[in-house]
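J.: return a 3D structure for these sequence lines:
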Amino acid sequence: MSSNQIRRKEAKKSGWNKRLIFSVSAILVVLSVVAVFTFVVFNDRFNLFAAPLEIVSNNNQRIIRVPKGGDLQAAISKAQGGDIIELQAGAIYYDIKLPKKNITDFITIQTSAVAQLPVDKRVNPINANLMAKIVTRGKGGSAISTEDGAHHFRFVGIEFTAENADYIYNLIYLNTDSPKVADVPRFFEFDRCYFHPHKTGITRRGIAVNSTDTTVKNSYLSGFAGNQEETQAIAGWSGTKNVKIINNYLEGGAETVLIGGADPASAELIPTDIEIRGNYFFKPLEWFGKVTIKNAFEIKNAKRLQFIGNVIDSNQAGGAMWITVRNQDGKAPFSTIEDILVKDNLIISVGTGINILGKDDGHPSQLLKRLTITNNLFLDITNKAEGYGGYFIQVSNGEDILIANNTAFNVGNPVTFHGEMPKNFLFRDNIAAHDSYGIQGHPNVKSAVGKTLFQNNIFFNNKNINKSDSIFPEGNIWIDDYKSIGFTNIAQKDFRLASNSRFKGKGKENNDIGSIINFADYQKVMAK
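T.: The predicted structure is shown next:
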C-alpha cells in the first residue's frame with residue numbers, strides 16, 4: 001500500500017472517529033436536557049424528587065412546612081390533630097385525598113402569608129398572591145377529595161383551581177359513596193379561600209358539601225357556569241348536616257347554592273341544620289345568553305335551614321329562590337322541606353321572587369311544612385327574561401306557610417296559587433305591587449276564606465288599572481302610587497316607612513308594614 005493510500009485511510013478513520021465523538025456528545029446533551037426537563041417538570045408535578053419537609057415547633061404546636069415542590073400528601077400523612085401544615089405562598093401543590101385519621105382536633109393547611117389576610121374579612125382574587133395554590137390535574141378529578149369518614153381538616157388562605165381546561169365535576173368533593181351515616185366526612189373548614197375553574201375550562205361545582213359540621217366562610221367562589229350544565233358554587237344533597245355558609249362571594253350558573261337535588265340513600269342523610277348567612281349571590285351579566293342560568297338559591301330536600309341576611313343580585317334570567325320538594329330520581333319518597341326561615345335578605349333585579357312547591361308533582365314525597373318568609377326587600381322583580389313572569393310569590397301545596405313584613409317591587413302577580421291549595425297559608429303586613437291581575441289562582445280570593453289568607457297588606461297600583469279591576473280581599477290596603485306610602489328615602493333605596501308615614505306601626509303588634517331593611521346597610525355584604 002502506497003503512502004498516499006495509507007494517509008487517505010487514516011484520514012477517513014479520523015473523520016469517522018470525529019463523527020462518532022460528535023454523535024455521542026449530541027446524545028449526551030439530549031439526555032442531559034431530558035434529565036433536566038424531568039427534574040423541573042415531573043418533579044414539580046409528581047414529586048419524583050420532592051423537596052424535603054421541615055418540621056418545627058412553635059409554642060408547643062407543630063408546624064410542618066411544605067416548600068415549593070414538596071409533597072403535600074406526605075405532609076398530611078405525617079400530621080396529627082392540632083398540627084399546622086404551612087404551604088408556601090405562591091407555590092403550586094397538586095390534588096390530595098383527605099384520610100380518616102385517629103384525631104379529635106383540626107389539621108390546619110394554610111398559606112405561609114396567612115398573617116397578611118385579615119381575620120373575619122372576605123377575600124377576593126386580589127389576595128391570590130398571598131395564597132398557596134392546590135390544583136387538580138384534570139380528567140374530571142377534584143383538587144380535594146375525601147376517604148370515607150375523613151374528618152378534622154381546615155384550609156386557610158388557599159386558592160383552589162384546575163391545572164388545565166379538562167372538565168371537572170367537583171373542585172372540592174367532600175363525599176362518600178357509602179350509604180352509612182358513619183362514613184360521611186365531617187369537620188371541615190374553608191376560611192379566606194379562593195375557588196375558581198381554569199380560565200378556559202368548565203368546573204361543574206365549586207364545593208360538594210356532602211359532609212357534616214362543615215363551614216365555608218370569608219371566601220370567594222367564582223366562574224362556576226357552563227352552557228347546558230347544571231352548575232353550582234356550592235351544593236349538598238346527601239349527609240349535609242350542621243353546615244354553615246357565611247360571608248362569601250358566590251357565583252353559580254344554574255343554581256348559585258343548591259340544597260338537595262339527588263336522592264340520599266336514607267332519611268338519615270337528608271340535608272339538615274344549615275345556616276346560609278351574609279353571602280353575596282351574583283351572576284355576571286356576560287353569562288346571560290351563554291350559560292345555563294336558573295335560580296340563585298334552591299332547596300329540594302332539607303330540614304331546619306336558615307337563609308338570613310344575604311344579597312341576591314342580577315338574575316333577571318332566573319328566579320331568586322325555589323323552595324320545591326323533590327324526590328329527584330324517584331328513589332327517596334322521604335324527601336321533604338321542613339322548618340325553613342328566609343329572613344332579612346335583599347334581592348335585586350331577578351326574574352321571579354319565590355316559587356314554593358309543597359309536594360313533588362312527579363314522584364312520591366313528603367309535604368312541605370313550616371316555611372317562614374319575613375323582612376325581605378325585593379327590588380325590581382322583572383319579567384324581562386322569557387318564561388319568568390316577575391311574580392313575587394308562586395305557591396302550590398304545603399302547610400304552615402307565613403309570608404310577612406316583606407316589601408316587593410314586582411311586575412307580575414303578587415301571589416299566584418296553582419295546583420293544590422296550601423294549608424294554613426298567611427300573607428300579612430306585606431307591601432307589594434298589585435300588577436294587572438292581583439292575586440291569582442284562588443277559587444274566590446274575595447271570599448271570607450280569602451280574607452283569612454291575606455291580612456293588612458298594602459297593594460300599590462303599578463300598572464295604572466282602575467281600582468274596580470283590582471283583585472284582593474277586604475282587610476287590605478289599595479294605594480294608587482307607591483310614592484305616597486311614605487318611604488324614608490326612595491332615591492337612596494331606603495324603603496323603610498318614614499316616621500310620618502300613615503302606615504307606621506300599623507302592622508301586627510304595632511310593627512311596621514313591609515320590610516325594615518335599609519339598602520345602605522347591605523353595602524358590606526355586596527363587596528366584591
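J.: can you pull the contacts of the nearest residue to residue 331 once chain neighbours are set aside?
T.: Nearest non-adjacent residue to residue 331, counting by CB to CB, 6 or more residues apart in numbering: residue 263, 4.5 Å away. Backbone N, C-alpha and C define where each C-beta goes, glycine included. Residues near residue 263 by CB atoms under 8 Å, 6 or more residues apart in numbering: 237, 327-332, 335.
J.: from those, which is closest to residue 113?
T.: Residue 113 lies nearest to residue 237 out of the contacts of residue 263, by CB to CB, at 35.0 Å.
J.: so how many other residues sit close to the closest one?
T.: By the criterion of other CB atoms under 10 Å, residue 237 has 24 neighbours.
J.: residue 289 too?
T.: The criterion is other CB under 10 Å. On that basis, residue 289 has 9 neighbouring residues.
J.: quick check: residue 313 touching residue 528?
T.: No - if you go by CB atoms under 8 Å, residue 313 and residue 528 don't touch, sitting 10.2 Å apart.
J.: and the longest strand anywhere in the chain, what does it pack against?
T.: Longest strand in the chain, counting residues (DSSP state E): strand 311-324. Strand 311-324 sits against strand 280-282, strand 295-299, strand 337-343, strand 346-357, with contacts defined as 3 or more CB pairs under 8 Å, 6 or more residues apart in numbering; DSSP states H and E.
J.: just want the angle from the longest one to strand 295-299.
T.: By that I understand strand 346-357. 50 degrees (axes from the mean of the first three to the mean of the last three CA atoms, to 10 degrees).
J.: pairing partners for the next helix or strand after strand 346-357, with directions?
T.: Per DSSP states H and E, strand 346-357 leads on to strand 369-374 as the next helix or strand towards the C-terminus. Strand 369-374 has its sheet partners listed here by DSSP bridges as strand 337-343 (parallel), strand 399-404 (parallel).
J.: so which bits of strand 369-374 are buried?
T.: Buried residues in strand 369-374, counted by 16 or more other CB atoms under 10 Å: 369-371, 373-374.
J.: any idea which of the residues you listed is closest to residue 454?
T.: For the buried residues of strand 369-374, the nearest to residue 454 is residue 373 (14.5 Å; CB to CB).
J.: from residue 187, how far out is that closest one?
T.: For residue 373, the distance to residue 187 equals 32 Å [CB to CB, to the nearest Å].
J.: got it, and residue 347?
T.: Residue 347 is 33 Å from residue 187, by CB to CB.
J.: neighbour count for these two, which is higher?
T.: Using other CB under 10 Å as the criterion, residue 347 and residue 187 rank with residue 347 on top: 27 against 19.
J.: quickly list what the more buried one is bridged to.
T.: Beta-bridge partners, per DSSP bridges, of residue 347: residue 312, residue 378.
J.: do the same with the one 5 residues further on
T.: Beta-bridge pairing of residue 352 under DSSP bridges involves residue 319.
J.: I'd guessed it sits against residue 384; true?
T.: No - with contact defined as CB under 8 Å, residue 352 does not reach residue 384; the gap is 11.2 Å.
J.: list residues touching both of those two?
T.: Taking CB under 8 Å, 6+ apart as the contact rule, residue 352 and residue 384 have no neighbour in common.
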